[in-house]
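Undergrad: build the 3D model from these lines:
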Amino acid sequence: MPTHPGATPQKHATPSQALTQCTTLSWRGIVKIPRHPMGLADVIIGPAIFLVLFGYVFGGAIAGDTDGYLQYVFPGILGMMTLFATMGVGVALSSDLSTGIFDRFRSLPIVRIAPLIGAIGSDIVRQIISLTALVGFGLLLGVRFNASIWSVLAGCALALAFALALSWVWVLLALAVKDTQAVQGLGAIIILPLAFASNIFVQPETMPDWMQTIATWNPVGHLVDAVRGLMMGGPVAQPVMYTVIWMAAFVVIFTPLSLIAYKRRA
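TA: Residues are numbered from 1 along each chain as shown. Model (predicted):
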């Protein structure tokens, strides 16, 4: 496979070739994790901090019982940490774009989407570590799952799949905004309304009517409902269906837009 600067992107790769290229570029990001372990501090320490703060600081005021509130808020914190972890995809991609490595990728005979999928795929390890840390710390604090181990794992798998689909939003943001700090700032502006105008911390019924409408159609709220049903017991089919629909929408809408933005930056 030629790698000289004059090489052109491989537009008609076979599915197996495309899969190999995407996997290789994903692995490129994964192998960097052991070299920079402090980069995992936010996904390991962050879940513990949020669970303690929201569970014990607000639990008594909101629910009157911190232990009971932990059971309620745990799936919500899981959904919120999924949001924060996915923002790392945009930040890492923006950093790579600023170093010029993507100029090198464009010169290789690979499918155009491979570097973008590689950026998302390399974040799988961070997401798994974040989920593992949150579940482990939740168990230490007394969170108890009212479901089988398989149902709990299904909830984690759904959150992971949601994160991978949502990552396309951050990919587009990184391609559209050239400054890494701006990507972080805009990411926070997107995340905070999604996190707080939802059912993560309180039931939407306690909100004003107009905010109830936002919370009802919040994609993160549907994910949290699905995870609550799978891990703590409750309705599962409808929340999972809505979550899958949101995931499909993220991929269908933001993947083509990301490819267009990537082409324009070439």
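Undergrad: got the confidence number for the residue nearest to L230 when sequence neighbours are not counted?
TA: Leaving aside its chain neighbours, L230 sits nearest to G155 (3.8 Å; criterion: C-beta to C-beta, 6 or more residues apart in numbering). C-beta: built from backbone N, CA, C; applies to glycine. Per-residue confidence (pLDDT) for G155: 93.
Undergrad: begin at 41 from here
TA: Sure, I'll start counting at 41 from here, so that last one is G195.
Undergrad: which helices and strands does the helix or strand hosting V113 pack with?
TA: Element membership of V113 [criterion: DSSP states H and E] is helix 106-139. Here helix 106-139 touches helix 81-92, helix 99-103, helix 154-161, helix 164-181, helix 189-216, helix 220-236, helix 259-272, going by 3 or more C-beta pairs under 8 Å, 6 or more residues apart in numbering; DSSP states H and E.
Undergrad: so how far is H262 from the residue nearest to L270?
TA: 13 Å (C-beta to C-beta, to the nearest Å).
Undergrad: still on that earlier bit, least confident of the helices and strands packed on helix 106-139, on average?
TA: Looking at these, the bottom one is helix 99-103 with a mean of 75.
Undergrad: and it, what's buried?
TA: By neighbour count with 16 or more other C-beta atoms under 10 Å, helix 99-103 contains the buried residues G99, I102, A103.
Undergrad: same check, this time on stretch 124-138
TA: Across stretch 124-138, burial judged by 16+ other C-beta under 10 Å covers 124-134, 136-137.
Undergrad: can I get the CA coordinates of it in CSV?
TA: C-alpha atoms of stretch 124-138 as CSV (Å, rounded to 0.1, in the frame of the first residue of the first chain):
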residue,chain,number,x,y,z
PHE,A,124,-19.0,14.1,29.4
ALA,A,125,-16.9,11.2,28.2
THR,A,126,-18.1,11.5,24.6
MET,A,127,-16.9,15.1,24.5
GLY,A,128,-13.4,13.7,24.7
VAL,A,129,-13.8,12.5,21.1
GLY,A,130,-14.2,16.0,19.8
VAL,A,131,-11.4,17.4,21.9
ALA,A,132,-9.0,14.6,20.9
LEU,A,133,-10.0,15.0,17.2
SER,A,134,-9.6,18.7,17.3
SER,A,135,-6.1,18.3,18.8
ASP,A,136,-5.1,15.8,16.1
LEU,A,137,-6.4,18.2,13.4
SER,A,138,-4.2,21.0,14.7
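Undergrad: now that stretch, how far from the centre of its chain.
TA: With C-alpha atoms, centre = their mean, to the nearest Å as the basis, stretch 124-138 stands 12 Å off its chain's centre.
Undergrad: list the contacts of that stretch.
TA: Residues outside stretch 124-138 that contact it (C-beta atoms under 8 Å, 6 or more residues apart in numbering): 69, 82-83, 86, 142, 156, 159-160, 162-163, 166-167, 170, 203, 206-207, 209-211, 213-215, 217-220, 223-224, 227-228, 231, 305.
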